[in-house]
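give me the fold of what follows.
(2 chains)
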Amino acid sequence: MLNKIWFAMITVGMVVAAINGRMEEVSVAILQSAEESVRIVIKLIGPMSLWLGLMKLAEESGLVQGLAKLFKPVAKILFPKIPTDHPALGSIMMNLSANLLGLGNSATPLGIKAMHQLQSLNNKSETASDAMCTFLVINTSGLTLIPTTILALRAGAGSINPTEIVGTTLFATACSTIAGVIINKLLIKVGRSKL
Amino acid sequence: MIDLINLISEWAIPVVIFFILSISFYRGIKVYDVFVEGAVEGLATGIKIIPYLLAMLVAIGVFRSSGALDLILDLVAIPLQRVGIPKEVIPLSLIRPLSGTGALGFVTDLINQYGPDSFIGRLASTMQGSTETTFYVVTVYFGAIGIKNTRHAIAAGLVADFVGFIAAVFICQLVFG
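Predicted coordinates:
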């Protein structure tokens, strides 16, 4: 999938640029994006090291396993193939909590940690497992209770009531997450019947 | 309400760190040693993500700067307006899954132009807050563990984004319309 998407985005872009006469913008964008990718990762490395350190402590002290147990009822439905006391479930729960609280910078490292643990259960290491797809979809659907960035933006723009969008955001993100989880389950089934 | 939310945001991380540290210390773990041992993996994971993110950002950069995104926008604008999505926020629905900073910039423009408490301002805020940058999440999460075959994950993520946008329009019309 990514091979096709990647190839299509670049080639379609270049053809369109040739027609529009926007090659200069494209060549600037190529180098800027290359720079940007490293800048993003550098920003990510700090919080990631912090949370990986804390997660190591949480694992050794048994906290992650405890969280995994709390998460059991939901995990059974969302991640039926993961053993219910597996540390991956604890990391997933930490990631979801960070997302719900709107702590994006912490959610990403915790999500990566969860992916690493899911990888240890995956028997084809270059192909995403069912659980990985489910976890990814929940994350891309933007599940949150407190949309921190947008609240700050609204307050900064002088909104009389910056938080009035919290309710509507919650509704929209809930719809998106539920739809994502359902379509993901369906696609897992479709994929299996093809084999 | 904003005070409570600010309070939660300010306290969450310190409280979690305090909690993890005190339990670990109480259970006799050498907290500093173990923390450092875990944190050391951060750099390697970050470096592993770079090629994946670079490839994705370059493709998105080419696609946006060439005007290809605007072309698609022209194609989908009419059917989306038919469904009742205001034309001001339609570009946001295409940019949002591709670029987090791009989408945030677009929302900032809308809020500055129409005001944070206008219908467009509220709708754009809801849309931005309720979805994630799907391509970034896929690239970073799968890149970190070397997944090359993403199966249906991108498709499912994009469907979820689309449902989120429709839901945002629906609920905003109901509440603020």
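
excluding its backbone neighbours, what's nearest the residue nearest the centre of chain B?
The structure's chain B has its C-alpha centroid closest to residue B:132; by Cα atoms, centre = their mean the separation is 2.6 Å. Nearest in space to residue B:132, with sequence neighbours left out and distances taken as Cβ to Cβ, 6 or more residues apart in numbering or on different chains, is residue A:142 at 3.9 Å. All C-beta spots, glycine's among them, are computed from the backbone N, C-alpha and C.

what about the one you found, neighbour count?
The burial count assigned to residue A:142 is 29, neighbours taken as other Cβ atoms under 10 Å in any protein chain shown.

now swap in the one 3 residues further on and tell me
The local packing count at residue A:145 equals 15, with neighbours defined by other Cβ under 10 Å.

show me chain B divided up by domain.
According to automatic domain parsing, chain B comprises the domains B:1-39, B:41-176.

what ranges do the helices span in chain A?
For chain A, the helices defined by DSSP state H occupy A:2-20, A:23-60, A:63-70, A:72-78, A:87-100, A:104-119, A:130-140, A:148-156, A:165-194.

okay, the angle between the second one and helix A:104-119?
Spelled out, it's helix A:23-60. Put simply, helix A:23-60 runs at 70 degrees to helix A:104-119, going by axes from the mean of the first three to the mean of the last three Cα atoms, to 10 degrees.

burial count for the nearest residue to residue A:44 once chain neighbours are set aside?
Ranked by Cβ to Cβ, 6+ apart and with sequence neighbours excluded, the top spatial neighbour of residue A:44 is residue B:46, at 5.8 Å. By the other Cβ under 10 Å criterion, the neighbourhood of residue B:46 contains 24 residues.

so what's residue 149 up against?
By default, I'm working from chain A. Applying Cβ atoms under 8 Å, 6 or more residues apart in numbering or on different chains to residue A:149 gives the contacts A:102, A:104, B:104, B:128, B:129.

chain B, not that one
A:1, A:124, A:126, A:127, A:128.

highest neighbour count among those?
Using other Cβ under 10 Å as the neighbour criterion, residue A:128 leads those with 26 neighbours.

in contact with it, which residues?
If you count contacts by Cβ under 8 Å, 6+ apart, then residue A:128 has A:122, A:136, B:142, B:147, B:149, B:150, B:151, B:153 around it.

for beta bridges, what are the partners of the fifth one?
Beta-bridge pairing for residue B:149 (DSSP bridges): residue A:127.

what's the distance between it and residue B:170?
Look at residue B:149 and residue B:170: by Cβ to Cβ, to the nearest Å, they are 35 Å apart.

ditto for the first one
As defined by Cβ to Cβ, residue A:122 lies at a distance of 38 Å from residue B:170.

and the last one, by the same measure?
Counting by Cβ to Cβ, the gap from residue B:153 to residue B:170 is 26 Å.

before we move on, back to that, mind putting the contacts of residue A:149 into a markdown table with pLDDT?
Supplementary listing: the contacts of residue A:149 in a markdown table, determined by pLDDT from 0 to 100:
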| residue | pLDDT |
| --- | --- |
| A:102 | 84 |
| A:104 | 81 |
| B:104 | 92 |
| B:128 | 94 |
| B:129 | 91 |
